[in-house]
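> What would the 3D arrangement of this be:
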Amino acid sequence: MRLLHTADWHLGRLFHNLSLLDDQRQVLNQLIEIIDRERVDAVLIAGDIFDRSVPPSAAVTLLDDVLQALCEVRKLPVIMISGNHDGAERLRFGARHLRQAGLHILTDLTAFATPVTLDIAGVEVDVFGIPYADPEHVRSQFNVDVRDFDGAHRYLVEQVEEQRHSTRPCILMSHCFVDGGSASDSERPLTLGGAESVAWEPMQGFDYVALGHLHGPQYRGGEHIRYSGSLLKYSFSEATQRKGVTLVDIDAGGVTHIQQVPLVPSREVRVLEGELDALIAQGRTDAQAEDYLLVRLTDRHAILDPMGKLREIYPNVLHLEKPGMLDSRGQQQLDRERFRFDALDMFSDFFTQTSGEAMSDEQASAMAALITRLQRDEAQE
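Below you'll find the predicted structure:
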């Protein structure tokens with residue numbers, strides 16, 4: 001049996017206010033070509049199918065087109081879980097009826113310990129899906145004393161372990177931040193003011209673990225505990241990553257082969273650095289001048305309309321930095337760190353400036369809980 005593991009599609013994503021829907025359609029067509037060429041038997045999508053809980057209609061239509069191509073035309077089973085960007089209730093609309101078409105949408109935390117059993121070419125494999133859930137949700141749903149993401153995830157994994165078939169291979173799907181994973185700027189933090197990572201050790205015993213959330217292809221604790229990575233580069237911090245999907249061969253004895261297959265975008269995401277005149281001269285012979293670009297100008301003198309001049313050669317310059325105009329590298333780094341502040345950091349800074357003293361641990365914990373609750377309520381709305 002050959003499985004394709006993918007995640008973090010983020011359909012409907014905006015990149016510096018530019019819609020990526022056409023880019024996503026192009027790369028999803030590649031995904032379907034890989035499925036045909038590699039004779040894939042089933043598809044696993046490990047969360048963040050959409051970029052926000054209420055996606056634009058064009059993103060919903062694109063997902064519908066892809067699922068029709070997979071489930072109706074090719075008769076392939078597709079198993080997906082919800083991620084922290086998805087609206088779980090909306091995503092699972094019609095899930096009970098769609099099972100008959102081979103589409104399994106696992107977003108209901110009350111049913112996480114019930115597997116989807118794939119039976120293909122005489123091989124049976126159980127697939128368990130743990131949708132994204134914060135500790136508060138797990139604590140209230142199951143009346144268990146879990147206080148952080150690791151505790152909540154351990155509890156869910158242990159429940160799955162108890163339901164495993166004694167002889168069939170078992171696959172776990174989860175949308176989480178595994179401890180030690182390499183993150184990028186485009187991943188929304190799972191929590192404020194607390195630990196969001198989970199340990200890989202409780203998942204070690206599964207034949208394969210299909211993870212979602214981190215956008216860079218990577219594995220933790222073993223090659224079988226793996227992030228496939230996102231479809232596209234969704235921030236300039238991902239410029240050096242190679243995007244793709246993961247093929248997993250499995251038989252009655254377990255996983256026999258794992259392979260990462262690259263995806264080639266219609267436009268790359270790149271960072272260019274240099275003086276304006278040199279970059280413009282370089283761009284005249286650049287075959288990829290239409291890539292999405294962050295440009296860092298090293299000129300130390302003032303330039304009139306540098307963005308306009310750059311876009312005459314590079315039409316998709318999305319962000320411009322001028323480190324050469326700053327007094328020092330230290331000031332540049334300070335400014336970047338300020339831009340990375342999250343909501344709790346900003347409130348903490350405001351509190352210190354207005355009161356003259358830092359927040360206590362109790363105050364910081366209360367504010368983090370309040371911000372998390374407000375963000376959750378906003379997502380549900």
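> I'd like to know how many residues surround residue 58.
13 (other C-beta atoms under 10 Å). Heads up, the C-betas are built off the backbone N, CA and C, glycines and all.
> roughly how far is the longest helix along the chain from the heart of the chain?
Ranked by number of residues, the top helix in the chain under DSSP state H is helix 361-380. Mean C-alpha position of helix 361-380 versus that of the full chain (C-alpha atoms, centre = their mean, to the nearest Å) differs by 22 Å.
> Can I get it in CSV? Just the C-alpha atoms.
The C-alpha atoms that make up helix 361-380 are tabulated as CSV, following Å, rounded to 0.1, in the frame of the first residue of the first chain:
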residue,chain,number,x,y,z
ASP,A,361,3.9,35.6,37.0
GLU,A,362,0.2,35.5,38.1
GLN,A,363,-0.6,38.6,36.1
ALA,A,364,1.1,37.3,33.0
SER,A,365,-0.6,33.9,33.3
ALA,A,366,-4.1,35.6,33.7
MET,A,367,-3.4,37.9,30.7
ALA,A,368,-2.2,35.0,28.5
ALA,A,369,-5.4,33.0,29.4
LEU,A,370,-7.6,36.0,28.5
ILE,A,371,-5.8,36.6,25.1
THR,A,372,-6.1,32.9,24.3
ARG,A,373,-9.8,32.9,25.1
LEU,A,374,-10.5,36.0,23.0
GLN,A,375,-8.6,34.5,20.0
ARG,A,376,-10.5,31.3,20.3
ASP,A,377,-13.9,33.1,20.6
GLU,A,378,-12.9,35.2,17.5
ALA,A,379,-12.0,32.1,15.5
GLN,A,380,-15.3,30.5,16.4
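> Give me the mean pLDDT for it.
Averaging pLDDT along helix 361-380 yields 81.
> Give me the buried stretch members for that helix, please.
If you call a residue buried by 16 or more other C-beta atoms under 10 Å, then helix 361-380 has these buried ones: 364, 367-368, 371-372.
> From residue 287, how far out is residue 91?
40 Å (C-beta to C-beta, to the nearest Å).
> let me fix that: residue 33
23 Å.
> neighbour count winner among these two?
Taking other C-beta under 10 Å, residue 33 and residue 287 do not tie; residue 33 has more neighbours (10 against 6).
> following the helix or strand of the chain with the lowest mean pLDDT, which helix or strand comes up?
Lowest on mean pLDDT, DSSP states H and E among the helices and strands of the chain sits helix 329-339, with a mean of 52. Sequence order places helix 343-355 as the next helix or strand after helix 329-339, per DSSP states H and E.
> What residues are bridge-paired with the nearest residue to residue 165 once chain neighbours are set aside?
Of all residues not flanking residue 165 in the chain, residue 126 sits nearest, at 5.6 Å (C-beta to C-beta, 6 or more residues apart in numbering). Counting by DSSP bridges, residue 126 is bridged to residue 117, residue 170.
> Residue 126 contacts residue 172, correct?
No - in terms of C-beta atoms under 8 Å, residue 126 does not count as a neighbour of residue 172; the distance is 9.5 Å.
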